[in-house]
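# I'll drop the sequence and a predicted model, then ask my questions.
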Amino acid sequence: MNLTELTIADAAAGLRRREYSAVELVRAHTDAIAALNPRLNAYITTTADAALEAAGRADAALARDEARALTGIPLGIKDLFCTNGVRTTAASNILKNFVPPYESTVTANLLRDGAVFVGKTNLDEFAMGSANITSAFGPVENPWKRKGDEQTVLVPGGSSGGSAAAVSAGLAMGATGTDTGGSIRQPAAYCGIVGLKPTYGRCSRYGTIAYASSLDQAGPMARTVGDCAIMLQSMAGFDPRDSTSVDRDVPDYSAAVGRSLKGLKVGIPREYRAEGLSTEIEAAWQQGIAWLKEAGCEIVDVSLPHTRYGLATYYIVAPAECSSNLARYDGLRFGERVPAPTLDGMYEASRRAGFGAEVRRRIMMGTYVLSAGYYDAYYLKAQKVRTLIRRDFTESFQQVDVLLTPTAPTPAFGQGEKMDDPVQMYLNDIFTVPASMAGMPAMSVPVGLGDTGLPLGLQLIGRPFDEETLLAAGSALEKAAAFTHRPAIRAEVAK
Amino acid sequence: MSLDPATVRRIARLARIGIDESDLQSLQGELNGILGWVEQLNEVNVDGVAPMVGTGHAALRIRDDVVTDGDCREAVLSNAPDVVGPFYTVPKVVE
């Protein structure tokens, strides 16, 4: 049996049947990381020794019949979640030696349910990027290869690119991600896995390093819809330490997986048929529509007229919030310091040296749009357009239960492509940003391979707090697609 | 709207990010590229539209005014780049 190819659901059952021990399961993954991470760079920090100790405790719990939902399951944790005593960098030089003295709520919830953390996954610096090329710890390689092209290194997407690559290649059974404008869904699509961005407020932001606080939301990344449901069950829930956390019961997400779709109304927003949508993705979208129809859904054409303004709105709102959030990195209380004779000089030198080019660019952009004389023209205007974007969704959800769109306009692209112009890179998030702006839950599901043999993802967008419908429709797509393709570079092959 | 070099310097100063001459030119081009692109929002009529300041899913809560944390000075100081006794250090700010 190949332990790095199992689903979380199957592994949890196998552990209970004593087919293998948690130590064996975790060791298969830490061995795979040792073999493949030097190439893929999916992890910034690996914690094999601590993981094996935790696996030993998991086996003891299993022996006492005290196993919880994730007991003994090896997970990767995006290096944006603070983990007590384990270095947490946000993929930035300014935090390269930061060791949090506390645990984020999301990771504490996963630990409570028995999960074993095998390491901290790579990301774009402070989650700002769409290709995982802005990490101070180097880029991540997508484990997938174009058909007949073993040479070209593809990006895994971003910002949760390390999590996506790790899960895809079998270096973790699941991983946490965070999504501000598409950072869970787009890398999930590029790496052929499932990624779910919950409703804003569903998972606590406490202890997650902030980028744009009105958008940031944690969520699960795994190889199946069912595994995402298991992880979300653990991650979600009210937390008094996050003022935007919503006090609302967490439903039984696994019960929604496989639920009948008879009579479900699925909206197809015409504005997502945008310029630059590749023919292979258009074909996958049409296939997805046909599958949902076969599953008993009613297909309804809808219009979200402000879709095209989502990205420009995002690139005002998110930098504005980032300029405020990242003001805390002052070289004084934590993080790296570059000494200078004056206080301002120390701030400027520390921040010049500590932040990479994309982060500095976004901080400056945000500083400008919030500055006196420009606030109304840029920031206030963007907030008003954001209201219209949300209204589009609210109105369409009076007609339909869920929306189906492509996740990204193209499959994974090569490292070095789209890098000359920041705006070209931003366009990757054209289909994921609107749901983020509106705070709606959304999920990417792999539905097939494109012309070059790369995975393609479709996005489902749901009503606030209706992750269950996403899971139900996502599992129908998953079943119809029977997506069992695996990437060229993976643990099973490396042995 | 186009940013001149002096404005880019002023933004960097406000953001407390040091820049040198080689940064200046590329930053000016990139920021102007982004600003030119977001100009498209001028097409949108927002008359009478209220700004969205959050997703509005969570009601504001009032918590009891009690101490819930504390007695963790070592943890708080544990990541400081320079500490003297129980204090952070800064460059001299008083002439």
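Ah, there it is.

# so what's residue 40 up against?
Unless you meant another one, I'm taking chain A. Residues near residue A:40 by C-beta atoms under 8 Å, 6 or more residues apart in numbering or on different chains: A:140, A:141, A:143, A:165, A:166, A:169, A:171, A:489. (Each C-beta comes from the backbone N, C-alpha and C, glycine too.)

# wait, chain B
Contacts of residue B:40 (C-beta under 8 Å, 6+ apart): A:308, A:309, A:312.

# Nearest residue to the last one in space, please, no chain neighbours.
Read that as residue A:312. residue B:38 (4.3 Å; C-beta to C-beta, 6 or more residues apart in numbering or on different chains).

# Could you give the number of residues near the one you found?
22 (other C-beta atoms under 10 Å in any protein chain shown).

# Check residue A:149 too.
11.

# Setting aside sequence neighbours, what's the nearest residue to it?
What sits nearest to residue A:149 in space, not counting adjacent residues and going by C-beta to C-beta, 6+ apart, is residue A:452, at 7.8 Å.

# okay but the one you found is in contact with residue A:411, surely?
Yes: Residue A:452 is within contact range of residue A:411, at 6.9 Å (criterion: C-beta atoms under 8 Å).

# Show me the helices in the stretch 151-300 of chain A, by range?
For the stretch 151-300 of chain A, the helices defined by DSSP state H, counting those that start in this stretch cover A:161-169, A:185-191, A:225-235, A:253-256, A:279-294.

# Next one, pLDDT for whatever residue of the stretch 101-250 of chain A ends up closest to chain B please.
Closest residue of the stretch 101-250 of chain A to chain B, C-beta to the nearest C-beta: residue A:101 (3.6 Å). Residue-level confidence at residue A:101 comes out at 96, pLDDT.

# same check, this time on residue A:72
98.

# tally of neighbours for it?
Neighbours of residue A:72 (other C-beta under 10 Å): 29.

# Likewise for residue A:122?
33.

# my read: it touches residue A:80, true?
No: in this structure, residue A:122 is not within contact of residue A:80 by C-beta under 8 Å, at 10.5 Å.

# Where does pLDDT dip in chain B?
B:1 (pLDDT under 70).

# what's next to the strand or helix carrying residue A:362, contact-wise?
Using DSSP states H and E, the element containing residue A:362 is helix A:357-370. Helix A:357-370 has contacts (C-beta under 8 Å, 6+ apart) with A:92, A:124-126, A:128-129, A:134, A:315-316, A:318-324, A:326, A:351-352, A:355, A:374-375, A:378-379, A:382, A:422, B:3, B:8, B:11-12, B:14-15, B:17, B:27, B:30-31, B:34-35.

# hmm, back to that, which one of residue A:452 and residue A:411 is surrounded by more residues?
residue A:411 (26 against 16).

# Next one: the more buried one, what pLDDT does it get?
94.

# before we move on, what SS does it have?
coil (DSSP: H, G, I helix; E, B strand; the rest coil).

# which residues does it contact?
A:189, A:190, A:278, A:280, A:281, A:450, A:452, A:454, A:455, A:456.

# Then residue A:251?
A:467, A:468.

# phi, psi of it?
Backbone geometry at residue A:251, expressed as degrees, to the nearest 10, gives phi -70, psi 180.

# Would you mind measuring from it to chain B?
16 Å (C-beta to the nearest C-beta, to the nearest Å).

# What is the neighbour count of residue B:73?
Neighbour tally, residue B:73, other C-beta under 10 Å: 9.

# wouldn't it be in contact with residue B:86 here?
Yes: in this structure, residue B:73 is within contact of residue B:86 by C-beta under 8 Å, at 5.9 Å.

# tell me which element residue 62 falls in.
In the absence of a named chain, this looks at chain A. helix A:48-63.

# For that helix, list the C-alpha coordinates in PDB.
C-alpha atoms of helix A:48-63 as PDB (Å, rounded to 0.1, in the frame of the first residue of the first chain):
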ATOM      1  CA  ALA A  48      10.000  15.700  10.900                       C
ATOM      2  CA  ASP A  49      11.200  14.900  14.400                       C
ATOM      3  CA  ALA A  50       8.300  16.700  16.100                       C
ATOM      4  CA  ALA A  51       5.900  15.100  13.600                       C
ATOM      5  CA  LEU A  52       7.100  11.600  14.400                       C
ATOM      6  CA  GLU A  53       6.800  12.200  18.200                       C
ATOM      7  CA  ALA A  54       3.300  13.500  17.600                       C
ATOM      8  CA  ALA A  55       2.600  10.400  15.500                       C
ATOM      9  CA  GLY A  56       3.700   8.200  18.500                       C
ATOM     10  CA  ARG A  57       1.200  10.100  20.700                       C
ATOM     11  CA  ALA A  58      -1.500   9.500  18.000                       C
ATOM     12  CA  ASP A  59      -0.800   5.800  18.000                       C
ATOM     13  CA  ALA A  60      -1.200   5.800  21.800                       C
ATOM     14  CA  ALA A  61      -4.600   7.600  21.400                       C
ATOM     15  CA  LEU A  62      -5.700   5.100  18.800                       C
ATOM     16  CA  ALA A  63      -4.700   2.300  21.000                       C
END
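
# Pairing partners for the following helix or strand past it, with directions?
Later in the chain than helix A:48-63, the nearest helix or strand by DSSP H and E is strand A:74-78. Next to strand A:74-78 in the sheet, as set by DSSP bridges, lie strand A:116-121 (parallel), strand A:174-179 (parallel).

# Now render those as CSV, adding distance to residue A:267 and mean neighbour count.
Shown next, in CSV, are the strands paired with strand A:74-78 (distance: least, C-beta to C-beta, whole Å; neighbours: other C-beta atoms under 10 Å in any protein chain shown):
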stretch, distance to residue A:267, mean neighbour count
strand A:116-121, 33, 29
strand A:174-179, 21, 30
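
# got TSV for those, with mean pLDDT too?
TSV is the format used below for the strands paired with strand A:74-78 (pLDDT from 0 to 100):
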stretch	mean pLDDT
strand A:116-121	98
strand A:174-179	98
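
# Turn these into a markdown table, including distance to residue A:389.
Formatted as a markdown table, the strands paired with strand A:74-78 follow (distance: least, C-beta to C-beta, whole Å):
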| stretch | distance to residue A:389 |
| --- | --- |
| strand A:116-121 | 30 |
| strand A:174-179 | 16 |
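
# Relative to residue A:262, which of those is closest?
Nearest to residue A:262 among these is strand A:174-179; the distance by C-beta to C-beta comes to 29.9 Å.

# Export only the CA atoms of that closest one, formatted as PDB.
The C-alpha coordinates for strand A:174-179 follow below in PDB (Å, rounded to 0.1, in the frame of the first residue of the first chain):
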ATOM      1  CA  GLY A 174      -3.900  18.000   3.200                       C
ATOM      2  CA  ALA A 175      -2.700  21.500   4.000                       C
ATOM      3  CA  THR A 176      -4.000  24.800   5.200                       C
ATOM      4  CA  GLY A 177      -4.200  27.700   2.900                       C
ATOM      5  CA  THR A 178      -5.300  31.300   3.100                       C
ATOM      6  CA  ASP A 179      -7.200  33.200   0.400                       C
END
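
# For it, what is the distance to the chain centroid?
4 Å (C-alpha atoms, centre = their mean, to the nearest Å).

# again, but for stretch A:350-361
23 Å.

# returning to what we had before: go through the contacts of residue B:40 and name the one nearest chain B.
residue A:312 (4.3 Å).

# Buried ones in stretch A:67-82, by neighbour count?
Residues of stretch A:67-82 classed as buried: A:67, A:69-82 (neighbour count, 16 or more other C-beta atoms under 10 Å in any protein chain shown).

# go on, stretch B:20-39?
B:23, B:27, B:28, B:30, B:31, B:34, B:35, B:37, B:38.
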